[in-house]
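# Kindly return the folded structure for what I paste below:
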Amino acid sequence: MTERVQAWWARRQWSKGLEVPYAVGAYRAAWAAYPALVRQYHPDLNAGIALSQVPPAADVLLLWQCDAGHRFAATPSEQRLRPGRERRRSAWCPECSERANPTRTVALPMRGSVTEPSSPPSGVLRARRAKPRVTLCTKTPDLPVGEAFVSVCAPRPASAVEGRVRVDVFDRLALTPGRNAVRISRPFFEHLEVWPDLVFPELRIAVEYDSIGRHGLEHVGRREEVDRRKDRALRAAGWEVVRLRTGRLEPLGPHDLQLTAWNRAATTRLIDAFRGIRGPLLVDAYVR
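Numbering: from 1, shown residues only. Just a heads-up that it's a prediction; the model follows:
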């Protein structure tokens with residue numbers, strides 16, 4: 001299991017019985033083929049451990065800093081395999097990648113309309129640039145803000161763990177299953193709805209399962225900002241959010257839980273978090 005560099009180093013010290021399990025320079029030759037990664041790595045960001053002390057195949061989460069100063073977490077294997085199918089991208093950075101291919105933003109339309117005008121009204125200076133014509137998705141039903149519903153636009157569950165979380169929670173609490181979206185008041189990209197991983201209408205609580213993903217790119221950098229924006233949209237609609245943060249991800253909100261694995265104890269912690277948000281009187285009324 002991927003672990004932080006301090007925990008990984010301590011474990012190797014114990015298993016090898018040495019204060020310095022890997023000498024400085026032990027893996028210099030292996031890293032020499034990746035000069036961009038050597039430049040991105042800084043010992044002061046990784047407990048003073050030099051890159052030449054880290055085996056290229058080690059399952060350890062390191063902190064890197066690109067030439068522009070952006071910091072991000074990734075394992076050695078993820079960094080070395082980043083070239084992909086298009087071209088070599090050894091100096092990859094999530095911030096720089098997003099700026100090179102930015103996510104399209106959506107302007108807020110006029111109240112009561114679906115699209116914004118494509119040209120400025122009369123009297124506006126001719127030199128002023130017209131706002132782009134932006135269309136919101138029309139598949140969101142006309143429901144009150146904060147209403148949970150079944151959306152045809154919602155993506156399918158991204159991981160098997162989400163399915164286990166869903167099954168375990170519904171085994172413990174008699175809540176309404178099947179909802180996958182919440183109506184919000186302001187556009188979230190092209191939609192007036194958001195799609196939490198789990199939706200509990202009776203409690204008005206949404207649960208998100210967050211991991212760094214196979215390549216260490218999920219829920220970090222710009223994607224973390226999208227998570228925060230989504231949480232704000234839900235809270236503005238009268239909902240609360242609990243994020244199950246794995247892979248050493250730090251909490252984003254007051255009710256988030258840091259987990260090493262999903263199990264029975266984690267289910268109990270999640271339900272206790274529900275009690276902390278809505279009170280035991282309401283939550284316990286749904287306990288099976």
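# which residue ranges form the strands in the stretch 1-150 of the chain?
Here the stretch 1-150 of the chain has its strands, by DSSP state E, counting those that start in this stretch, at 3-4, 60-65, 71-74, 148-149.
# Dump these into TSV; add mean neighbour count, distance to Val20 and mean pLDDT as well.
Placement of C-beta: from N, CA and C, glycine included. Below are those laid out as TSV (neighbours: other C-beta atoms under 10 Å; distance: least, C-beta to C-beta, whole Å; pLDDT from 0 to 100):
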stretch	mean neighbour count	distance to Val20	mean pLDDT
strand 3-4	18	18	84
strand 60-65	21	16	88
strand 71-74	21	24	84
strand 148-149	20	55	96
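# Let me have these in CSV, adding distance to Glu250 as columns.
Listed next are the strands of the stretch 1-150 of the chain as CSV, based on distance: least, C-beta to C-beta, whole Å:
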stretch, distance to Glu250
strand 3-4, 12
strand 60-65, 12
strand 71-74, 11
strand 148-149, 28
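# So for His191, which of those sits nearest?
Each of the strands of the stretch 1-150 of the chain has some distance to His191 by C-beta to C-beta; the shortest is strand 148-149, at 12.5 Å.
# I'd like to know which of the strands of the stretch 1-150 of the chain lies nearest to Cys96.
Of the strands of the stretch 1-150 of the chain, nearest to Cys96 by C-beta to C-beta is strand 71-74, at 9.8 Å.
# Show me what the closest one is packed against.
strand 60-65 (3 or more C-beta pairs under 8 Å, 6 or more residues apart in numbering; DSSP states H and E).
# For the strand it packs on, name the packing helices and strands.
strand 3-4, helix 5-16, helix 35-40, strand 71-74, helix 76-80.
# quick one on the thing from earlier: out of the strands of the stretch 1-150 of the chain, flag the one nearest Leu249.
strand 71-74 (9.0 Å).
# outside of the closest one, which residues touch it?
45, 61-66, 93-95, 212, 215-216, 220-221, 248 (C-beta atoms under 8 Å, 6 or more residues apart in numbering).
# can I get the CA coordinates of it in PDB?
Output of strand 71-74 as PDB, limited to C-alpha atoms (Å, rounded to 0.1, in the frame of the first residue of the first chain):
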ATOM      1  CA  ARG A  71       4.000  21.000  -5.800                       C
ATOM      2  CA  PHE A  72       2.200  17.700  -6.200                       C
ATOM      3  CA  ALA A  73       2.400  14.200  -4.800                       C
ATOM      4  CA  ALA A  74       3.200  11.100  -6.800                       C
END
